[in-house]
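Q: Just the structure for this:
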Amino acid sequence: MSNSVDNMEVDQEGTVTNKKRFEIKKWTAVAFWSWDIAVDNCAICRNHIMEPCIECQPKAMTDTDNECVAAWGVCNHAFHLHCINKWIKTRDACPLDNQKWQLARCGR
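A: As a prediction, the model looks like this:
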């Protein structure tokens, strides 16, 4: 039996090989981002929040300085500023969660 153990290949402790385990030949990074908003469409006009609202769409074709900004509430829901301003004239609540509308920030 001792003869068969002598013939087996056994890793020796303390031996270090400089052979690379693997080599990276190509690495392609992929990233994903999104706006920090609960919904990315305006619930009032149904347009994407970063596109002009239905009021600004006709002007956007001819007027390049036309700026249609988004408005975020403290509830983190976003709407076009024009859309939410019209909405709160009749009802002072968020269209999505029915909480009292409070403007947190507006802009792009």
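Q: Show residues contacting stretch 98-107.
A: 69-76, 81, 84, 87-88, 92-94 (Cβ atoms under 8 Å, 6 or more residues apart in numbering). Yep, even glycine has a C-beta here, placed from its N, CA and C like the rest.
Q: tell me the contacts of residue 44?
A: Contacts of residue 44 by Cβ under 8 Å, 6+ apart are 79-80, 83-84, 86-87, 95.
Q: could you list every residue that touches residue 93?
A: 99-101.
Q: Looking at these, which one is closest to residue 43?
A: Nearest to residue 43 among the contacts of residue 93 is residue 101, at 12.3 Å by Cβ to Cβ.
Q: what about that closest one, neighbour count?
A: 20 (other Cβ atoms under 10 Å).
Q: Quick one, grab the pLDDT at it.
A: Looking at residue 101, its pLDDT reads 93.
Q: what about it, distance to residue 68?
A: 19 Å (Cβ to Cβ, to the nearest Å).
Q: And for residue 74?
A: For residue 74, the distance to residue 68 - Cβ to Cβ - is 22 Å.
Q: Residue 29 too?
A: Taking Cβ to Cβ, one finds residue 29 at 33 Å from residue 68.
Q: Neighbour count for those two, which is higher?
A: residue 68 (22 against 4).
Q: what's the longest helix in the protein?
A: Across the chain, the longest stretch assigned as helix under DSSP state H is helix 81-90.
Q: after that helix, next one along is what?
A: For helix 81-90, the following helix or strand on the C-terminal side (DSSP states H and E) is strand 103-107.
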